[in-house]
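Novice: missing the sequence, but the structure's below:
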């Protein structure tokens, strides 16, 4: 796998990711709009019957309440969908901690909430009632992720993925940094983690590897590109 091939493959792979992310944004936004309208109508009806005589006042009061919930949900978005921090290695007198971006499956899981059987019914009820706000927040997060994918450093990330593909096994991050002369290691690992299929493990020391489906995708692309799918050099 040549350097130019790695760059072109990564550009195509990221375009595919951006398309998937775009569909996720549209899907989440559409579901959020429907859920928001349904909840707003239900809350307005409850407030109108039980507390306020005027329908317009009930609608306004309900909108303020649900809007406040939405604002709080967006405020906590970084806590719920923020980067996963994992311990790295000691460099000099400090310990390096790597930041890994969360994938779209985790975004969808957050949007629909945790419905574990060990939750109390009150917790499940709150989870259902806050689903419209979580769907909207997840759509905002997915849109930000799409913008991040557009700004990925192709040169550096392609070099890392090419090295992992050639190794065909887990490679320690410090070894990658030494071989590729990576300067800002934490920033590079954060960007590489945006690529779907790049895995990080911390069994002994932090290391990167490629998921099987990603290896297959690269091999198939190489075969189409020049019949060198089996050549990892």
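Specialist: On my side now, so go ahead. These numbers come from a predicted model, not from an experiment.
Novice: Could you give the number of residues near residue 41?
Specialist: By other CB atoms under 10 Å, the residues close to residue 41 number 12. C-beta coordinates here come from the backbone N, C-alpha and C atoms, glycine included.
Novice: Find me the pLDDT at it, would you?
Specialist: With respect to pLDDT, residue 41 scores 93.
Novice: Downstream of the helix or strand encompassing it, the next helix or strand is which one?
Specialist: Per DSSP states H and E, residue 41 falls inside helix 3-50. Per DSSP H and E, the first helix or strand lying C-terminal to helix 3-50 is helix 55-75.
Novice: What is whatever helix or strand comes next after that next one packed up against?
Specialist: With elements assigned by DSSP H and E, the helix or strand that comes after helix 55-75 is helix 77-81. If you count contacts as 3 or more CB pairs under 8 Å, 6 or more residues apart in numbering; DSSP states H and E, helix 77-81 packs onto helix 104-112, helix 131-150.
Novice: out of those helices, which comes closest to residue 177?
Specialist: Residue 177 lies closest, by CB to CB, to one member of those: helix 131-150, at 22.0 Å.
Novice: so how far is the helix or strand following the closest one from its chain's centroid?
Specialist: Going down the chain from helix 131-150, the next helix or strand is helix 154-167, by DSSP H and E. In terms of CA atoms, centre = their mean, to the nearest Å, the centre of helix 154-167 is set 21 Å apart from its chain centre.
Novice: host element of residue 98?
Specialist: If you go by DSSP H and E, residue 98 is part of strand 94-100.
Novice: quick one: the most far-flung residue of the chain relative to its centre from residue 77, how far?
Specialist: Within the chain, the residue lying farthest from the chain centre (CA atoms, centre = their mean) is residue 53, at 44.9 Å. Using CB to CB, to the nearest Å, we find residue 53 at a distance of 37 Å from residue 77.
Novice: highest average neighbour count across the helices and strands packed on helix 77-81?
Specialist: helix 131-150 (a mean of 20; mean count of other CB atoms under 10 Å).
Novice: average model confidence for that one?
Specialist: Rounded mean pLDDT across helix 131-150 is 95.
Novice: Who are the packing partners of that helix?
Specialist: helix 3-50, helix 55-75, helix 77-81, helix 104-112.
Novice: Can you list the helices and strands that the second one packs against?
Specialist: So that's helix 55-75. helix 3-50, helix 131-150.
Novice: ok, the residue nearest in space to the middle of the chain - contacts?
Specialist: In the chain, the centroid-proximal residue (CA atoms, centre = their mean) is residue 103; its distance is 3.0 Å. By CB atoms under 8 Å, 6 or more residues apart in numbering, residue 103 lies in contact with residue 196.
Novice: Next: residue 201.
Specialist: 170, 207, 209.
Novice: can you rerun that using 10 Å?
Specialist: Residue 201 is in contact with 86, 170, 207, 208, 209, counting by CB atoms under 10 Å, 6 or more residues apart in numbering.
Novice: how close does it sit to residue 100?
Specialist: Distance from residue 201 to residue 100, counting by CB to CB: 11 Å.
Novice: Where does pLDDT dip in this structure?
Specialist: Within the chain, the stretches with pLDDT under 70 are 88-94, 115-119, 121-123, 227-233.
Novice: Show me it divided up by domain.
Specialist: As recorded under automatic domain parsing, the domains making up the chain are 3-85+101-150, 154-226.
Novice: Using CSV, lay out those together with distance to residue 95.
Specialist: Converted to CSV, these look like this (distance: least, CB to CB, whole Å):
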stretch, distance to residue 95
domain 3-85+101-150, 11
domain 154-226, 11
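Novice: returning to what we had before: and the contacts of the strand holding residue 98?
Specialist: 82-90, 173-174, 177, 185-190, 192-194, 198-200, 202, 206, 208.
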